[in-house]
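[1] build me a model:
(one chain, ligands or ions: 1)
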Amino acid sequence: MVKQKKLVAVLAVLFLFTTAAHNVFAQASVQDIHGRYLIEHDYRPSSSLARTGWLSDYYPELLGTPGDSKVYYFEGSKPGGTLFVGGGTHANEIAGIMAAVMMIETLNVEAGRVIVVPNMNSSAIGNQEREPELPAYTSRGPSWISIRTSSGIRYFKYGSRATNKAHQGVADPSGGYVHPDSSEAPLAGWEFRNLNRAYPGRSDSGLTQKIAYAVMQLLIKEKVDVAFDYHEADAGGRLANMMVANPKNIETAAGALFDLELDYGLSLKLEPSNMEFRGLSHREWGAGTDAQAFLIETPNPAMVADAPDDVDVVNDPENPLGSRVAKHLYATIAVVRLFSDEHPDKAIRFSGLPGFEDLSDKGLGPYLQ
Ligand SMILES: [Zn+2]
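    Alright, predicted model coming up:
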């Protein structure tokens, strides 16, 4: 009898454990009425949200594929310009995703519009496969991160750098990947599934190229004035703490970085897009649309070459997630402020985001819904 009671207790604990785990992981494979294969993200938009849409609204062939992704539109009561923010181009670069989520949950837009796509590569966010041909840093990290908020513990999906091979629809080129407009030497074959080598995209190629094509159509159709692509790089490496700007808007970038240094003591490096290297967002968005195009790189501890597998991507003592998210958001604010001063008829004004120091020091928890 005692043994039986013990067994029941053990089974009950096991049941509770697997149910809790199931609740989190059940979110990973949801299909909506259109057959869209999607991760059901727990994002809780602010009251400034005007509506949501999909990347497939700009390129219907994405509908029902794992490349479709939700688009959040925020509108002010006054007319103005349009800001676009993309996170999760590389789904292992969690600060980019969480900066976009922080915008979704706290934005109060007064003038103009803000369009946010938190998971630019929706296939990569569900791709946790360790592929031997990809460097370890491209998929190292947890499947989910957890953040304690005033409404309880919340979970956010962490993914990989590349589109899931099973979703791409076309095999990786065996002779290496060459962008169709590039004259440079081939990259590794898997780079065919790297969204940030695929712009301006193609309608007659793999899923990654189709996602890029849809994003370009969004930027054009929505007449985006300022566009940001949020990334992370290996902490301590050359790219970390950098803003990359299309040459046509490098002066705005330089001015913004000067202001960030002055206002917050935040030093970011600045680099112009290499116009010879094809496929990157800041290069192709700036060349193919009217948008001023920027990319931010923050230091992710999981992307360091010899980082341990159980590296803490949220509470890293050197580069906690809050400080990385603050860098993305405040670099964006500094650029938008300069753009708005220079183009008063297209001013983009918003508030609601947590303060730079508050977010850096306290993390995301106090500010998420
Ligand atoms: Zn990246």
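[2] distance of the residue of the stretch 201-350 of the chain found nearest the ion relative to residue 118?
    In the stretch 201-350 of the chain, the residue that lies nearest the ion is residue 231 (3.4 Å; C-beta to the ion). Placement of C-beta: from N, CA and C, glycine included. With distances taken as C-beta to C-beta, to the nearest Å, residue 231 is found 14 Å from residue 118.
[3] residue 334 too?
    21 Å.
[4] near the ion, which residues of the stretch 101-250 of the chain show up?
    Proximity of the stretch 101-250 of the chain to the ion, by C-beta under 5 Å from the ion, involves residues residue 231.
[5] so where do the helices sit in the stretch 101-250 of the chain?
    Per DSSP state H, counting those that start in this stretch, the stretch 101-250 of the chain carries helices over the ranges 122-125, 165-168, 207-221, 250-264.
[6] and these as a markdown table, adding distance to residue 42?
    Listed next are the helices of the stretch 101-250 of the chain as a markdown table, based on distance: least, C-beta to C-beta, whole Å:
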| stretch | distance to residue 42 |
| --- | --- |
| helix 122-125 | 13 |
| helix 165-168 | 22 |
| helix 207-221 | 22 |
| helix 250-264 | 30 |
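[7] hey, which of those is tucked in deepest?
    helix 122-125 (a mean of 30; mean count of other C-beta atoms under 10 Å).
[8] and that one, what does it pack onto?
    helix 207-221 (3 or more C-beta pairs under 8 Å, 6 or more residues apart in numbering; DSSP states H and E).
[9] other SSEs contacting the helix it packs on?
    Contacts defined by 3+ C-beta pairs under 8 Å, 6+ apart place helix 207-221 against strand 78-86, strand 108-117, helix 122-125, helix 165-168, helix 281-288.
[10] from the chain's centre, how far out does the fourth one sit?
    Centroid displacement of helix 165-168 relative to its chain, using C-alpha atoms, centre = their mean, to the nearest Å, is 20 Å.
[11] tell me what it is packed against?
    Helix 165-168 sits against helix 207-221, with contacts defined as 3+ C-beta pairs under 8 Å, 6+ apart.
[12] ok, back up a step: possible to save the helices and strands packed on helix 207-221 as a markdown table with distance to residue 191 and mean pLDDT?
    Output for those, formatted as a markdown table (distance: least, C-beta to C-beta, whole Å; pLDDT from 0 to 100):
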| stretch | distance to residue 191 | mean pLDDT |
| --- | --- | --- |
| strand 78-86 | 19 | 98 |
| strand 108-117 | 22 | 98 |
| helix 122-125 | 13 | 93 |
| helix 165-168 | 12 | 91 |
| helix 281-288 | 14 | 98 |
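[13] want to throw these into TSV with distance to residue 203?
    Below are the helices and strands packed on helix 207-221 laid out as TSV (distance: least, C-beta to C-beta, whole Å):
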stretch	distance to residue 203
strand 78-86	20
strand 108-117	19
helix 122-125	17
helix 165-168	15
helix 281-288	14
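[14] pretty sure residue 98 sits in a helix.
    Yes - when classified by DSSP: H, G, I helix; E, B strand; the rest coil, residue 98 is found to be part of a helix.
[15] so it makes contact with residue 156?
    Yes - with contact defined as C-beta atoms under 8 Å, residue 98 and residue 156 form a contacting pair (6.6 Å).
[16] those two: which has the busier surroundings?
    Ranked by neighbour count (other C-beta atoms under 10 Å), residue 98 and residue 156 place residue 98 first, with 27 against 21.
[17] quick one: that one from residue 130, how far?
    In terms of C-beta to C-beta, residue 98 sits 23 Å off from residue 130.
[18] swap in residue 338?
    From residue 338 to residue 130 the distance is 42 Å (C-beta to C-beta).
[19] same check, this time on residue 60
    Taking C-beta to C-beta, one finds residue 60 at 34 Å from residue 130.
[20] so in terms of bridging, what pairs with the residue of the stretch 201-350 of the chain closest to the ion?
    Residues in a beta bridge with residue 231, per DSSP bridges, are residue 297.
[21] any idea how far residue 335 is from it?
    Residue 231 is 15 Å from residue 335, by C-beta to C-beta.
[22] just list the residues touching the residue most central in space within the chain, thanks.
    The residue lying closest to the centre of the chain (C-alpha atoms, centre = their mean) is residue 87, at 1.5 Å. Shown here is residue 87, whose contacts under the criterion C-beta atoms under 8 Å, 6 or more residues apart in numbering are 96, 97, 98, 99, 100, 101, 116, 117, 118, 119, 120, 230.
[23] list buried residues within those residues.
    Among these, those classed as buried by neighbour count (16 or more other C-beta atoms under 10 Å) are 96, 97, 98, 99, 100, 101, 116, 117, 118, 119, 120, 230.
[24] closest one of these to the ion?
    Of all the buried ones among the contacts of residue 87, residue 96 has the smallest distance to the ion: 7.3 Å, by C-beta to the ion.
[25] and the residue lying closest to the closest one once chain neighbours are set aside, what does it touch?
    Closest residue in space to residue 96, ignoring its immediate chain neighbours: residue 230 at 3.2 Å, by C-beta to C-beta, 6 or more residues apart in numbering. Neighbour list for residue 230: 85-89, 93, 95-97, 99-100, 295-296, 328 [criterion: C-beta under 8 Å, 6+ apart].
[26] distance of residue 230 relative to residue 88?
    Distance from residue 230 to residue 88, by C-beta to C-beta: 8 Å.
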